[in-house]
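[1] Show me the folded form of this:
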Amino acid sequence: MEYRELGKSGIKVSAVGLGTWQWGSREWGWGGSYGKKDVLTAFETAMELGINLIDTAELYGRGRSEELIGEALRGHREDVVIATKVSPWNLSYGRVLKAAERSLRRLGVDVIDLYQAHFPNPIVPIGNTMRAMRKLLHDGKVRCVGVSNFNLRGVSAAQNALAPIELTSNQVRYNLLDRRVEKDLLSHAASERITIIAYSPLAQGLLTGKFSPNSEPTNFVQKTNTRFSSRNLAQLSEVNRAIEEIATARGKTASQVALNWLIMRENVVAIPGIKTPQHVTDDAGAVDWRMRTDEVEKLERAAANAKFDRLSAVPNLIRALAHH
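    Numbering: from 1, shown residues only. As a prediction, the model looks like this:
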(Lines give C-alpha, C1' and ligand atoms only; values in the text may rest on other atoms or scores of the structure.)
Protein backbone atom coordinates (compact mmCIF):
# COMPACT_ATOMS: atom_id res chain seq x y z
CA MET A 1 0.00 0.00 0.00
CA GLU A 2 1.13 3.55 -0.69
CA TYR A 3 0.91 6.13 2.08
CA ARG A 4 1.07 9.91 2.05
CA GLU A 5 0.91 12.65 4.66
CA LEU A 6 -2.49 14.15 5.40
CA GLY A 7 -1.82 17.85 4.89
CA LYS A 8 0.90 18.96 7.30
CA SER A 9 -0.52 16.90 10.16
CA GLY A 10 2.15 14.21 10.23
CA ILE A 11 -0.63 11.60 9.92
CA LYS A 12 0.06 9.03 7.21
CA VAL A 13 -2.93 7.73 5.25
CA SER A 14 -3.31 5.15 2.51
CA ALA A 15 -3.56 6.56 -1.02
CA VAL A 16 -6.87 4.70 -1.35
CA GLY A 17 -9.28 4.78 1.58
CA LEU A 18 -12.79 3.58 2.38
CA GLY A 19 -15.77 5.73 1.47
CA THR A 20 -18.77 4.78 3.61
CA TRP A 21 -21.64 7.05 2.48
CA GLN A 22 -23.51 3.90 1.42
CA TRP A 23 -23.26 2.21 4.83
CA GLY A 24 -26.70 2.11 6.41
CA SER A 25 -28.31 4.00 3.52
CA ARG A 26 -31.38 2.31 2.05
CA GLU A 27 -31.21 4.64 -0.96
CA TRP A 28 -28.08 2.73 -2.04
CA GLY A 29 -29.65 -0.70 -1.42
CA TRP A 30 -28.70 -1.26 2.25
CA GLY A 31 -30.53 -4.29 3.57
CA GLY A 32 -31.02 -5.64 0.06
CA SER A 33 -27.96 -6.04 -2.14
CA TYR A 34 -25.58 -5.58 0.81
CA GLY A 35 -25.72 -5.26 4.59
CA LYS A 36 -23.88 -5.22 7.90
CA LYS A 37 -21.96 -8.46 7.39
CA ASP A 38 -20.69 -7.25 4.01
CA VAL A 39 -19.36 -3.91 5.23
CA LEU A 40 -17.79 -5.29 8.41
CA THR A 41 -16.00 -7.96 6.39
CA ALA A 42 -14.94 -5.26 3.93
CA PHE A 43 -13.42 -3.33 6.82
CA GLU A 44 -11.43 -6.38 7.95
CA THR A 45 -10.20 -6.88 4.40
CA ALA A 46 -9.05 -3.25 4.32
CA MET A 47 -7.07 -3.77 7.51
CA GLU A 48 -5.35 -6.80 6.00
CA LEU A 49 -4.41 -4.85 2.87
CA GLY A 50 -3.04 -1.82 4.72
CA ILE A 51 -5.88 0.59 3.95
CA ASN A 52 -6.11 2.85 7.00
CA LEU A 53 -8.22 5.87 5.96
CA ILE A 54 -11.96 5.55 6.53
CA ASP A 55 -14.26 8.45 5.72
CA THR A 56 -17.78 8.93 7.02
CA ALA A 57 -20.17 11.69 8.14
CA GLU A 58 -22.93 12.24 10.65
CA LEU A 59 -25.28 12.46 7.66
CA TYR A 60 -24.48 9.05 6.15
CA GLY A 61 -27.28 6.63 6.92
CA ARG A 62 -28.49 9.22 9.48
CA GLY A 63 -25.61 8.28 11.77
CA ARG A 64 -25.71 4.57 11.04
CA SER A 65 -22.46 4.70 9.05
CA GLU A 66 -20.59 6.06 12.08
CA GLU A 67 -22.16 3.41 14.31
CA LEU A 68 -21.09 0.61 11.96
CA ILE A 69 -17.56 1.98 11.88
CA GLY A 70 -17.62 2.06 15.67
CA GLU A 71 -18.41 -1.66 15.66
CA ALA A 72 -15.72 -2.40 13.09
CA LEU A 73 -13.08 -0.43 15.00
CA ARG A 74 -13.01 -2.71 18.02
CA GLY A 75 -9.45 -3.93 18.28
CA HIS A 76 -8.32 -1.75 15.37
CA ARG A 77 -8.43 1.85 16.66
CA GLU A 78 -4.67 2.41 16.49
CA ASP A 79 -4.60 1.13 12.90
CA VAL A 80 -7.23 3.50 11.52
CA VAL A 81 -7.42 7.18 10.60
CA ILE A 82 -11.04 8.25 11.08
CA ALA A 83 -12.38 11.14 9.03
CA THR A 84 -15.93 12.31 9.65
CA LYS A 85 -17.94 15.39 8.81
CA VAL A 86 -20.30 17.84 10.47
CA SER A 87 -23.42 18.68 8.42
CA PRO A 88 -23.86 22.15 6.88
CA TRP A 89 -26.81 22.98 9.15
CA ASN A 90 -24.62 22.29 12.20
CA LEU A 91 -21.79 24.72 11.42
CA SER A 92 -22.53 27.33 14.10
CA TYR A 93 -20.19 27.29 17.11
CA GLY A 94 -22.44 25.46 19.54
CA ARG A 95 -23.82 23.04 16.97
CA VAL A 96 -20.33 21.98 15.85
CA LEU A 97 -19.40 21.10 19.42
CA LYS A 98 -22.59 19.10 19.98
CA ALA A 99 -22.30 17.33 16.62
CA ALA A 100 -18.72 16.33 17.41
CA GLU A 101 -19.81 14.80 20.71
CA ARG A 102 -22.52 12.80 18.95
CA SER A 103 -20.04 11.54 16.35
CA LEU A 104 -17.52 10.58 19.04
CA ARG A 105 -20.24 8.62 20.81
CA ARG A 106 -21.43 6.82 17.67
CA LEU A 107 -17.87 5.98 16.65
CA GLY A 108 -17.00 4.88 20.17
CA VAL A 109 -13.72 6.82 20.19
CA ASP A 110 -12.10 9.56 22.26
CA VAL A 111 -10.71 11.55 19.33
CA ILE A 112 -11.60 12.12 15.67
CA ASP A 113 -8.50 12.16 13.48
CA LEU A 114 -9.90 14.47 10.80
CA TYR A 115 -13.05 16.55 11.38
CA GLN A 116 -14.46 18.20 8.27
CA ALA A 117 -17.11 20.81 7.54
CA HIS A 118 -19.26 18.82 5.11
CA PHE A 119 -20.39 21.74 2.98
CA PRO A 120 -20.21 25.54 3.32
CA ASN A 121 -23.20 27.26 4.85
CA PRO A 122 -23.62 30.81 3.49
CA ILE A 123 -25.66 31.82 6.53
CA VAL A 124 -23.05 30.82 9.12
CA PRO A 125 -19.75 32.77 9.14
CA ILE A 126 -16.84 30.39 8.66
CA GLY A 127 -15.16 32.08 11.63
CA ASN A 128 -17.81 30.61 13.95
CA THR A 129 -17.20 27.13 12.57
CA MET A 130 -13.43 27.36 12.85
CA ARG A 131 -13.61 28.79 16.37
CA ALA A 132 -15.42 25.60 17.36
CA MET A 133 -12.83 23.52 15.52
CA ARG A 134 -10.04 25.25 17.45
CA LYS A 135 -11.77 24.40 20.72
CA LEU A 136 -12.13 20.76 19.69
CA LEU A 137 -8.43 20.69 18.82
CA HIS A 138 -7.51 22.33 22.13
CA ASP A 139 -9.67 19.86 24.06
CA GLY A 140 -8.02 16.90 22.31
CA LYS A 141 -11.24 15.71 20.66
CA VAL A 142 -9.98 16.32 17.12
CA ARG A 143 -6.49 15.87 15.67
CA CYS A 144 -6.84 17.96 12.53
CA VAL A 145 -9.43 19.97 10.58
CA GLY A 146 -10.60 19.86 6.99
CA VAL A 147 -13.41 21.05 4.76
CA SER A 148 -15.50 19.41 2.05
CA ASN A 149 -17.08 20.79 -1.13
CA PHE A 150 -15.39 24.18 -0.62
CA ASN A 151 -14.34 26.28 -3.62
CA LEU A 152 -11.07 28.23 -3.67
CA ARG A 153 -12.57 31.30 -2.02
CA GLY A 154 -14.10 29.12 0.71
CA VAL A 155 -10.85 27.25 1.32
CA SER A 156 -8.93 30.51 1.66
CA ALA A 157 -11.53 31.86 4.09
CA ALA A 158 -11.35 28.66 6.14
CA GLN A 159 -7.55 28.86 6.21
CA ASN A 160 -7.64 32.45 7.43
CA ALA A 161 -10.29 31.68 10.06
CA LEU A 162 -8.38 28.67 11.39
CA ALA A 163 -4.93 30.31 11.40
CA PRO A 164 -2.38 29.86 12.85
CA ILE A 165 -3.57 26.23 12.77
CA GLU A 166 -3.16 24.68 9.33
CA LEU A 167 -6.15 23.49 7.32
CA THR A 168 -5.47 19.83 6.51
CA SER A 169 -7.74 18.85 3.63
CA ASN A 170 -10.54 19.61 1.21
CA GLN A 171 -12.80 16.73 0.18
CA VAL A 172 -14.21 17.25 -3.31
CA ARG A 173 -15.75 15.37 -6.22
CA TYR A 174 -12.84 14.44 -8.50
CA ASN A 175 -12.55 11.80 -11.19
CA LEU A 176 -11.60 11.33 -14.82
CA LEU A 177 -15.03 12.60 -15.93
CA ASP A 178 -15.17 15.56 -13.54
CA ARG A 179 -11.93 17.54 -13.38
CA ARG A 180 -13.27 20.93 -12.33
CA VAL A 181 -11.02 20.98 -9.26
CA GLU A 182 -8.04 21.29 -11.61
CA LYS A 183 -9.09 24.83 -12.52
CA ASP A 184 -7.67 26.32 -9.31
CA LEU A 185 -8.26 24.10 -6.26
CA LEU A 186 -5.66 21.46 -7.10
CA SER A 187 -2.75 23.87 -7.58
CA HIS A 188 -3.69 25.86 -4.47
CA ALA A 189 -3.88 22.68 -2.43
CA ALA A 190 -0.49 21.54 -3.69
CA SER A 191 1.18 24.86 -2.87
CA GLU A 192 -0.42 25.00 0.60
CA ARG A 193 0.09 21.27 1.30
CA ILE A 194 -3.64 20.72 1.69
CA THR A 195 -4.63 17.16 0.84
CA ILE A 196 -7.35 16.71 -1.75
CA ILE A 197 -9.62 13.84 -0.70
CA ALA A 198 -11.37 12.71 -3.87
CA TYR A 199 -14.90 11.41 -3.41
CA SER A 200 -16.76 9.72 -6.27
CA PRO A 201 -13.36 8.78 -7.76
CA LEU A 202 -15.12 6.17 -9.91
CA ALA A 203 -17.91 8.62 -10.80
CA GLN A 204 -20.36 6.58 -8.70
CA GLY A 205 -19.60 3.53 -10.83
CA LEU A 206 -19.52 5.12 -14.30
CA LEU A 207 -15.79 4.36 -14.58
CA THR A 208 -16.04 0.71 -13.56
CA GLY A 209 -17.23 -0.57 -16.94
CA LYS A 210 -20.51 -1.77 -15.41
CA PHE A 211 -22.85 0.70 -17.10
CA SER A 212 -23.95 1.25 -20.68
CA PRO A 213 -27.22 2.19 -22.42
CA ASN A 214 -28.06 -1.53 -22.24
CA SER A 215 -27.04 -1.89 -18.59
CA GLU A 216 -28.54 0.87 -16.46
CA PRO A 217 -28.31 1.23 -12.65
CA THR A 218 -30.92 -0.21 -10.32
CA ASN A 219 -30.46 1.64 -7.01
CA PHE A 220 -32.45 4.78 -6.17
CA VAL A 221 -29.53 7.23 -6.00
CA GLN A 222 -28.15 6.34 -9.41
CA LYS A 223 -31.53 5.96 -11.12
CA THR A 224 -32.52 9.50 -10.08
CA ASN A 225 -29.13 11.02 -11.01
CA THR A 226 -28.98 12.58 -14.49
CA ARG A 227 -25.37 11.45 -14.77
CA PHE A 228 -26.85 7.99 -15.40
CA SER A 229 -29.24 9.10 -18.15
CA SER A 230 -29.27 7.03 -21.34
CA ARG A 231 -27.62 9.92 -23.17
CA ASN A 232 -24.77 10.11 -20.68
CA LEU A 233 -24.28 6.34 -20.65
CA ALA A 234 -23.98 6.42 -24.45
CA GLN A 235 -21.17 8.97 -24.08
CA LEU A 236 -19.17 6.46 -22.06
CA SER A 237 -18.22 4.12 -24.88
CA GLU A 238 -14.90 5.74 -25.82
CA VAL A 239 -13.91 6.20 -22.17
CA ASN A 240 -14.77 2.59 -21.33
CA ARG A 241 -12.83 1.36 -24.34
CA ALA A 242 -9.72 3.35 -23.39
CA ILE A 243 -9.87 2.18 -19.77
CA GLU A 244 -10.43 -1.43 -20.80
CA GLU A 245 -7.52 -1.43 -23.25
CA ILE A 246 -5.12 -0.17 -20.57
CA ALA A 247 -6.57 -2.53 -17.97
CA THR A 248 -6.18 -5.54 -20.25
CA ALA A 249 -2.61 -4.63 -21.22
CA ARG A 250 -1.61 -4.24 -17.57
CA GLY A 251 -3.62 -7.06 -16.05
CA LYS A 252 -5.69 -4.59 -14.04
CA THR A 253 -9.39 -3.83 -13.67
CA ALA A 254 -11.22 -0.76 -14.93
CA SER A 255 -11.59 0.55 -11.37
CA GLN A 256 -7.87 0.16 -10.72
CA VAL A 257 -7.00 2.14 -13.84
CA ALA A 258 -9.43 4.96 -12.99
CA LEU A 259 -8.18 5.19 -9.39
CA ASN A 260 -4.53 5.06 -10.47
CA TRP A 261 -5.15 8.06 -12.71
CA LEU A 262 -6.15 10.02 -9.59
CA ILE A 263 -3.52 8.93 -7.10
CA MET A 264 -0.62 9.64 -9.42
CA ARG A 265 -1.02 13.15 -7.95
CA GLU A 266 0.97 13.23 -4.72
CA ASN A 267 -1.45 15.36 -2.69
CA VAL A 268 -4.57 13.39 -3.69
CA VAL A 269 -6.11 10.41 -1.90
CA ALA A 270 -9.19 8.62 -3.20
CA ILE A 271 -12.12 7.29 -1.16
CA PRO A 272 -14.20 5.03 -3.41
CA GLY A 273 -17.47 3.82 -1.96
CA ILE A 274 -17.08 0.39 -0.40
CA LYS A 275 -19.91 -2.10 0.09
CA THR A 276 -18.21 -5.51 -0.14
CA PRO A 277 -14.81 -7.14 0.50
CA GLN A 278 -14.44 -7.56 -3.26
CA HIS A 279 -14.60 -3.78 -3.69
CA VAL A 280 -11.76 -3.37 -1.19
CA THR A 281 -9.53 -5.96 -2.86
CA ASP A 282 -10.15 -4.41 -6.25
CA ASP A 283 -9.47 -0.85 -5.10
CA ALA A 284 -6.27 -1.83 -3.29
CA GLY A 285 -4.89 -2.97 -6.64
CA ALA A 286 -4.81 0.65 -7.81
CA VAL A 287 -1.61 1.41 -5.89
CA ASP A 288 2.12 0.67 -6.28
CA TRP A 289 2.20 1.09 -10.05
CA ARG A 290 1.91 3.99 -12.51
CA MET A 291 0.59 4.43 -16.01
CA ARG A 292 2.85 5.70 -18.77
CA THR A 293 2.38 9.23 -20.11
CA ASP A 294 0.84 7.94 -23.34
CA GLU A 295 -1.70 5.90 -21.35
CA VAL A 296 -2.67 8.92 -19.26
CA GLU A 297 -3.06 11.02 -22.40
CA LYS A 298 -5.23 8.34 -23.99
CA LEU A 299 -7.58 8.33 -20.98
CA GLU A 300 -7.81 12.10 -20.80
CA ARG A 301 -8.46 12.40 -24.53
CA ALA A 302 -11.32 9.92 -24.33
CA ALA A 303 -12.81 11.64 -21.28
CA ALA A 304 -12.58 15.06 -22.93
CA ASN A 305 -14.62 13.74 -25.87
CA ALA A 306 -17.45 12.58 -23.59
CA LYS A 307 -20.04 15.37 -23.40
CA PHE A 308 -21.99 14.83 -20.19
CA ASP A 309 -25.10 16.59 -18.94
CA ARG A 310 -24.57 17.74 -15.36
CA LEU A 311 -26.85 18.60 -12.45
CA SER A 312 -26.28 22.30 -13.07
CA ALA A 313 -29.87 23.27 -12.31
CA VAL A 314 -29.78 21.72 -8.85
CA PRO A 315 -28.55 23.97 -6.02
CA ASN A 316 -25.13 23.02 -4.68
CA LEU A 317 -26.37 22.05 -1.25
CA ILE A 318 -29.04 19.71 -2.63
CA ARG A 319 -26.49 18.23 -5.01
CA ALA A 320 -24.16 17.53 -2.13
CA LEU A 321 -26.92 15.88 -0.14
CA ALA A 322 -27.81 13.73 -3.14
CA HIS A 323 -24.24 12.42 -3.03
CA HIS A 324 -23.80 12.38 0.72
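[2] Okay, the nearest residue to residue 263 once chain neighbours are set aside and residue 167: tell me how far apart.
    Excluding the flanking residues, the one nearest residue 263 by C-beta to C-beta, 6 or more residues apart in numbering is residue 15, at 4.5 Å. Placement of C-beta: from N, CA and C, glycine included. Distance from residue 15 to residue 167, counting by C-beta to C-beta, to the nearest Å: 20 Å.
[3] who's more crowded, the two?
    residue 167 (27 against 24; other C-beta atoms under 10 Å).
[4] Now do the contacts for the more buried one.
    With contacts defined as C-beta atoms under 8 Å, 6 or more residues apart in numbering, residue 167 is in contact with 7, 145, 146, 147, 155, 158, 159, 192, 194.
[5] circling back: was I right about the residue nearest to residue 263 contacting residue 287?
    Yes: judged on C-beta atoms under 8 Å, residue 15 makes contact with residue 287 at a distance of 5.3 Å.
[6] joint contacts of the two?
    Residues within reach of residue 15 and of residue 287 at once, by C-beta under 8 Å, 6+ apart, are 1, 2, 263.
[7] Filter those residues down to the ones in strands?
    Per DSSP state E, strands hold no members of the shared contacts of residue 15 and residue 287.
[8] Quick check: of those, which lies closest to residue 177?
    Nearest to residue 177 out of the shared contacts of residue 15 and residue 287 is residue 263 (C-beta to C-beta; 16.4 Å).
[9] burial count for that closest one?
    Based on other C-beta under 10 Å, the number of other residues close to residue 263 is 20.
[10] Now do the same contact list for the residue nearest to residue 263.
    1, 2, 3, 4, 263, 269, 270, 286, 287.
[11] backbone phi and psi for it, please?
    Dihedral angles phi and psi of residue 15 (degrees, to the nearest 10) take the values phi -60, psi -30.
[12] so how far is residue 5 from it?
    Separation of residue 15 from residue 5 (C-beta to C-beta): 11 Å.
[13] Could you do residue 288 as well?
    18 Å.
[14] out of those two, which sits in the busier spot?
    Legend: neighbour count by other C-beta under 10 Å for residue 288 and residue 5, higher for residue 5 (15 against 10).
[15] Tell me the bridge partners for the more buried one.
    Assessed by DSSP bridges, residue 5 has beta-bridge partners residue 12.
[16] Spell out the residue ranges of the helices in this protein.
    36-49, 64-73, 93-107, 126-138, 152-162, 185-192, 220-223, 230-234, 237-250, 254-263, 277-284, 293-305, 316-323 (DSSP state H).
[17] most packed of those?
    Among the helices of the chain, helix 254-263 has the highest mean neighbour count (mean count of other C-beta atoms under 10 Å), at a mean of 24.
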